[in-house]
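**Student:** next one to model:
(one chain, ligands or ions: 1)
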Amino acid sequence: MIITVTLNAALDVTYEVPSVDWHGVNRVGGVHRRAGGKGVNVARVLAALGQEVLVTGLAGGPTGQAIEHDLRAAGLPAALTGVAADSRTTLVVSEARGATLFNEPGPEVTAAELAAFTEQYTSLLADADAVVISGSLPRGVPADVYATLASLAAGAGVPAIVDADGDPLRHAPAGRPAVVKPNAEELARAVPGGTPAEGAQALRARGAEAVVVSMGADGLLAVTGEGTFRARMPYTVEGNPTGAGDSLVAGLALGLVEGSPWPDRLRRAAALGAAAVAAPVAGDFDGDVYADIHPQIIIT
Ligand SMILES: O=P(O)(O)OC[C@@]1(O)O[C@H](CO)[C@@H](O)[C@@H]1O
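**Tutor:** Numbering: from 1, shown residues only. Presented below is the predicted three-dimensional model:
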């Protein structure tokens, strides 16, 4: 089983519009409302690939109930820890020329609520093959929480993948995660100056076993104990990139539990990321795009 952790779970709302008129009235063509937050998206992709998953994290209030209801409707097993404050909503406005995100900060979480989550998470580790810890933190949660959760996993012999930005990313390597997955901008913020390869090495020097940098249409860079690998895309997929990183992380998590060689892991991760761009909503991927692009990804 792979456990995904989404401390800042969300109700993701996606509006599809041909083009936004920023100071006018916009008529929305397509509306999607579903449980989200990065770890939830990772779990959706893993479940679609036949992997047993468990969604964990924090959720509360009417929005938290809507999140739990949607997870049940989707058949995604979940064990979310309750919080008193209302969970957040995120809004993606998806136009032909790109997507714009509005992410609310999320609920204020108390120390007791976080402690209840940590206790439940620690007991769940006994049945986990890997954990995926992703996304922003709600208010009140310390920035080193991902290092703590990765370290608890490592102590239980469970490899962790961390996908974070800002201070949570800077702290994460201290928990000795198996993989840290920033995108190129997140890595540059965490380790300013230098190339992506140098930034990735710096995170390894701080404790991460491997660092996989996602670079959009430029593919992936992986700096690992077994060497440095590049995955290059054969063509660019157009669409909504929201959630592409989560789909990619799902591919990395599968490779981790299967113990597959890095080139195979990266090929699948890069293909899943590209296939997610072709799907209109975060957490989905286009199976036809996946099947087409997977064998064409170039690994060096
Ligand atoms: O605010 P965070 O936690 O960084 O990101 C949240 C979020 O924008 O990321 C996903 C796409 O990766 C969306 O489904 C989701 O709600």
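**Student:** in the chain, which spans are helices?
**Tutor:** Using DSSP state H, the helices found in the chain span residues 38-48, 61-73, 111-124, 145-155, 166-171, 184-190, 196-205, 244-258, 262-277, 287-293.
**Student:** residue 228: which of the ones you listed is closest?
**Tutor:** Shortest separation from residue 228 across the helices of the chain is recorded for helix 196-205, at 6.4 Å, computed as Cβ to Cβ. Heads up, the C-betas are built off the backbone N, CA and C, glycines and all.
**Student:** which parts of the stretch 51-200 of the chain sit against the ligand?
**Tutor:** Counting by Cβ under 6 Å from any ligand atom, the stretch 51-200 of the chain comes close to the ligand at 90, 101, 103, 135, 136.
**Student:** same thing but 5 Å
**Tutor:** Proximity of the stretch 51-200 of the chain to the ligand (Cβ under 5 Å from any ligand atom) is limited to residues 90, 103, 135, 136.
**Student:** now distance to residue 191 and pLDDT too, for these, in CSV please.
**Tutor:** What follows is these, written out as CSV (distance: Cβ to Cβ, whole Å; pLDDT from 0 to 100):
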residue, distance to residue 191, pLDDT
90, 27, 98
103, 23, 97
135, 20, 98
136, 19, 98
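**Student:** mind checking which of those residues land in strands?
**Tutor:** In strands, defined here by DSSP state E, the members of those are 90, 103.
**Student:** how near is residue 279 to residue 236?
**Tutor:** Distance, residue 279 to residue 236, by Cβ to Cβ, to the nearest Å: 16 Å.
**Student:** of those two, who's got more company?
**Tutor:** Neighbour count, other Cβ atoms under 10 Å: between residue 279 and residue 236, residue 279 has more, with 22 against 10.
**Student:** from the ligand, how far off is the more buried one?
**Tutor:** Counting by Cβ to the nearest ligand atom, to the nearest Å, the separation of residue 279 from the ligand is 12 Å.
**Student:** verify the contact between that residue and residue 286 for me.
**Tutor:** Yes: if you go by Cβ atoms under 8 Å, residue 279 and residue 286 touch, sitting 5.0 Å apart.
**Student:** picking that back up, nearest to residue 59 among the residues of the stretch 51-200 of the chain next to the ligand?
**Tutor:** Using Cβ to Cβ, these come closest to residue 59 at residue 135, 12.9 Å.
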